[in-house]
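Give the three-dimensional model of this entry:
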Amino acid sequence: NVGEVELNLNVATTIPGEQCEICSQDNKNKPNKLTLQYQSNGKHSQYQDSSRATCIGKTYPAAATIGTTNKEGAVQSFDVADGSIFEIDGPFRAETAFFFSDGDDCFIHTSCSVPLVTGDQIGPFVVLEGNECAYETPAPSMPPSTSPSKAPSPVPSSSPTFPPTPSPTTSPSASPTIAHSTV
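Next up, the predicted model:
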């Protein structure tokens, strides 16, 4: 019919804070790249248990150099700190290993036999983007104050508490007096 439009339902719509499945056992469309955000406060994945990912919920270095190697042997290295965003290139092995400058290492599952989902934090890595999926982190909220706030002071309705300084009693001299140190 004239005027009909075909919709492409394979394109993901990104909503801040919403998760999107990059790939899974039912969706074997392996990504060519993954965009990750580093967070030293590691977390356990919602989708990849410890048999599928050794990047887990623990404290990782606040700043580090991490390295990884893809299926073709291409080595990538990144200097990261809390909040750093970086992109790793595929093709990916079943497990993508990360090596930290402090000697630690861990891996995440990238064969798609278990879900790879944006917004999921796998150890120190928050999955931000892959295939047609992108995760927009929600705007950060202000941290709570550690001290109570004070009520505003009332505006004085009368004269100030201290009286004004009296006027000088003598006129200024034409030549100033120099004080000598007694030290």
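
all strands of this structure, in order?
Secondary structure of the chain (DSSP state E): strands at 21-23, 33-43, 63-69, 75-81, 85-89, 95-100, 105-109, 116-117, 121-130, 133-134.

and the lowest-mean-pLDDT helix or strand in the chain, what does it pack onto?
Least confident element among the helices and strands of the chain, by mean pLDDT, DSSP states H and E: strand 133-134 (a mean of 92). Contacting strand 133-134 under the criterion 3 or more C-beta pairs under 8 Å, 6 or more residues apart in numbering; DSSP states H and E is no other helix or strand. (Glycine included, C-beta is placed from N, CA and C.)

Pairing partners for it, with directions?
Strands flanking strand 133-134 in the sheet, each with its direction: strand 121-130 (antiparallel) (DSSP bridges).

just for the protein, where's the confidence low?
By pLDDT under 70, the low-scoring segments of the chain are 1-17, 137-183.

what about 90?
In the predicted model, the chain carries pLDDT under 90 at residues 1-19, 28, 50, 135-183.

The residue nearest to residue 86 when sequence neighbours are not counted pairs with what?
Spatial nearest neighbour of residue 86, excluding adjacent residues (C-beta to C-beta, 6 or more residues apart in numbering): residue 78 at 4.5 Å. Beta bridges link residue 78 to residue 66 when assigned by DSSP bridges.

same check, this time on residue 134
In this structure, residue 134 bridges to residue 129 when assessed by DSSP bridges.

Number the chain from 25, please
Taking 25 as the first residue, the last one we looked at is residue 158.

so how far is residue 126 from it?
31 Å (C-beta to C-beta, to the nearest Å).

Settle it for me: which of these two has more neighbours?
Per other C-beta atoms under 10 Å, whichever of residue 158 and residue 126 has more neighbours is residue 158, with 16 against 11.

gap between residue 83 and residue 128?
For residue 83 relative to residue 128 (C-beta to C-beta), the value is 11 Å.

Which one of those two is surrounded by more residues?
Using other C-beta under 10 Å as the criterion, residue 83 and residue 128 rank with residue 128 on top: 15 against 9.

Identify the residue spatially nearest to the more buried one, adjacent ones excluded.
Nearest residue to residue 128 in three dimensions, chain neighbours excluded: residue 84, at 7.4 Å (C-beta to C-beta, 6+ apart).

just checking, that neighbour touches residue 124?
Yes - counting by C-beta atoms under 8 Å, residue 84 does reach residue 124; the two are 7.2 Å apart.

Chain neighbours aside, what residue packs nearest to residue 142?
Nearest to residue 142 is residue 159, by C-beta to C-beta, 6+ apart, at 3.5 Å.

So what does that neighbour have for phi and psi?
phi -110, psi 120 (degrees, to the nearest 10).
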